[in-house]
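[1] Provided below are the primary sequence and the corresponding predicted coordinates.
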Amino acid sequence: MFETITARELANEIDEGRADAIVDTRPEDSYESWHVPGAENVPFGPAETLSDEQEAEIDEIADDGSVVTICGKGATSTSLAAELDANGYDDVSVVKGGMRDWNSLYEQARIDTGDDVGIMQFQRRGKGCLGYLVGSPDAGEAVVVDPTRHVEQYIVAAAEHDVEITHVLDTHVHADHISGGRKLADRLDVPYHLSARAEDRDVEYEFEPVEDGDVVRLGDVEITALAAPGHTSEMMNYRVDDEAILTGDALFVDSVGRTELEFGEAEAERGAEMEYETLHDTITELPDELTVLPGHVTVTNDGRFENGSPGQPVSAPLDEVERRLDLLGLDRDEFVKRMVENVPEKPSNYETVIAINTGEESVDSRQEATKLETGANNCAA
């Protein structure tokens, strides 16, 4: 009889090099756009039986080792696992919940800081979304920045680190995932913050506006708001003492934020000009030793982190990021031209996700939210 494993158990097998063969049964286009590391594609429909050709292909992939099957939600992969079991395969398992559950899998990484500040990075493994718990151990207080909709993990982490969440902040109106900011703030009955410029984006729910230069204090720790428009008109970054800068989608460790999702193709040049000014007049004017903590990490189509590994900090000193990114060395005209002419594929369902995050639309179920958020983020230029 085949076994059932969780997405977490699959992640552990991958990280520890114990996954012999992973067979993804989804259609080829779904597989090519996004799959777990090391998976091979053998499309298998819900009404199919195992053909000789498919069996030979799986034999070659497995090479007498174990087989793990995965699909979108766990249906066709279960059918394939049953077929393999009936055909004599003695070490077969299926991933419960499939890519849907993989999409909700998180890792945590502690960021090295001084004694006065504690920062935990939450990594949404399948999408590459990054959120943060920033706390003062002495004060016993913390803020959460850019939480995703799976808010329980932030509450649990705060309790484990003996801090109380007193504020929730979003750096901007996200386009690739549904924010958990309002949900978390409402549950804890604490203030929820967006940039004051979000009022110009017709945000339909209540929030406490943050202006450039405003400070949130956690005991002796100061979190200073820095206006950083470009990716969006209301993007706000947060400097944590002399330790780190939470850059949202303004600056990643391997790229910068794209600028046309809010502004549209016709206004992309204006967004690119704003981003150039943010990068050169604000962010790169900060101390070189600040740790850049971005809002996303690039996840490749085959499920790998472009920089770093799941569970390890996605971060770099500011001066290292400056040296790494050729884009930061371009003059204004070259930068704007590059941003406007090299527009990547847009995130899935981004217009609907933006509408949800501004309060214009709502999402009725976890299943609907999961469908809207399917696939890795695509917020980098």
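    Arrived safely. On a predicted model such as this, the values are computed, not experimentally measured, just so you know.
[2] can you give me how far the one helix or strand Arg270 maps to is from the chain middle?
    Per DSSP states H and E: Arg270 is located in helix 264-277. Here helix 264-277 is found 23 Å from its chain centre; the criterion is C-alpha atoms, centre = their mean, to the nearest Å.
[3] mind listing what's buried in that helix?
    268-276 (16 or more other C-beta atoms under 10 Å). Where C-beta positions appear, they are placed from N, C-alpha and C, glycine not excepted.
[4] Show me which of the residues you listed is closest to Pro147.
    Glu275 (24.2 Å; C-beta to C-beta).
[5] Apart from its neighbours in sequence, what residue is nearest that closest one?
    Leaving aside its sequence neighbours, Glu275 sits nearest to Gly230 (C-beta to C-beta, 6 or more residues apart in numbering; 2.6 Å).
[6] can you give me the helices for the stretch 151-300 of the chain?
    Assigned by DSSP state H, counting those that start in this stretch, the helices in the stretch 151-300 of the chain fall at 152-160, 181-188, 264-277.
[7] I'd like to know which elements the shortest one is packed against.
    Which is helix 181-188. Packing partners of helix 181-188 (3 or more C-beta pairs under 8 Å, 6 or more residues apart in numbering; DSSP states H and E): helix 152-160, strand 164-169, strand 192-195.
[8] for these, which one ends up most surrounded?
    Of those, the one with the most neighbours on average (mean count of other C-beta atoms under 10 Å) is strand 192-195, at a mean of 26.
[9] For it, which strands pair with it and how are they oriented?
    If you go by DSSP bridges, strand 192-195 pairs up with strand 164-169 (parallel), strand 208-210 (parallel).
[10] Contacts only, for the residue most central in space within the chain.
    The structure's the chain has its C-alpha centroid closest to Cys129; by C-alpha atoms, centre = their mean the separation is 1.0 Å. Contacts for Cys129 (C-beta atoms under 8 Å, 6 or more residues apart in numbering) come out as 123, 146, 148, 176-177, 295-296, 377.
[11] Columns pLDDT and distance to Ser93 on top of these, output as JSON lines?
    Below are the contacts of Cys129 laid out as JSON lines (pLDDT from 0 to 100; distance: C-beta to C-beta, whole Å):
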{"residue": "Gln123", "pLDDT": "98", "distance to Ser93": "25"}
{"residue": "Asp146", "pLDDT": "98", "distance to Ser93": "34"}
{"residue": "Thr148", "pLDDT": "98", "distance to Ser93": "28"}
{"residue": "Asp176", "pLDDT": "94", "distance to Ser93": "31"}
{"residue": "His177", "pLDDT": "95", "distance to Ser93": "29"}
{"residue": "Gly295", "pLDDT": "98", "distance to Ser93": "34"}
{"residue": "His296", "pLDDT": "97", "distance to Ser93": "31"}
{"residue": "Asn377", "pLDDT": "86", "distance to Ser93": "29"}
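[12] Out of those residues, the closest to Arg217 would be?
    Nearest to Arg217 out of the contacts of Cys129 is Asp146 (C-beta to C-beta; 19.8 Å).
[13] Report how many residues lie close to that closest one.
    27 (other C-beta atoms under 10 Å).
[14] Give the closest residue to it in space, chain neighbours not counted.
    The shortest distance from Asp146 to any residue other than its chain neighbours is 4.5 Å, reached at Gly131 (C-beta to C-beta, 6+ apart).
[15] re earlier: which strands or helices does the helix holding Arg270 pack on?
    helix 332-341.
[16] Now the helix it packs on: buried residues?
    Quick answer for helix 332-341 (16+ other C-beta under 10 Å): 335-336, 339-340.
[17] Regarding Ala376, what is its secondary structure?
    coil (DSSP: H, G, I helix; E, B strand; the rest coil).
[18] isn't it right next to Gly128, touching?
    Yes. Using C-beta atoms under 8 Å, Ala376 is in contact with Gly128, at 5.5 Å.
[19] Spit out the residues that contact the two alike.
    Here Ala376 and Gly128 have 298-299 as joint contacts, going by C-beta under 8 Å, 6+ apart.
[20] Enumerate every residue touching His46.
    Quick fix: residue 46 reads Pro, not His. Pro46 touches 75-76, 79, counting by C-beta under 8 Å, 6+ apart.
[21] does Cys71 really touch Asp24, like I thought?
    Yes. In this structure, Cys71 is within contact of Asp24 by C-beta under 8 Å, at 7.0 Å.
[22] Identify the residue nearest Glu361 in space, chain neighbours excluded?
    Ala355 (4.1 Å).
[23] Number of residues surrounding the one you found?
    Burial of Ala355 is recorded as 16 neighbouring residues (other C-beta under 10 Å).
[24] So it: helix, strand or coil?
    Under three-state DSSP, Ala355 falls in the helix class.
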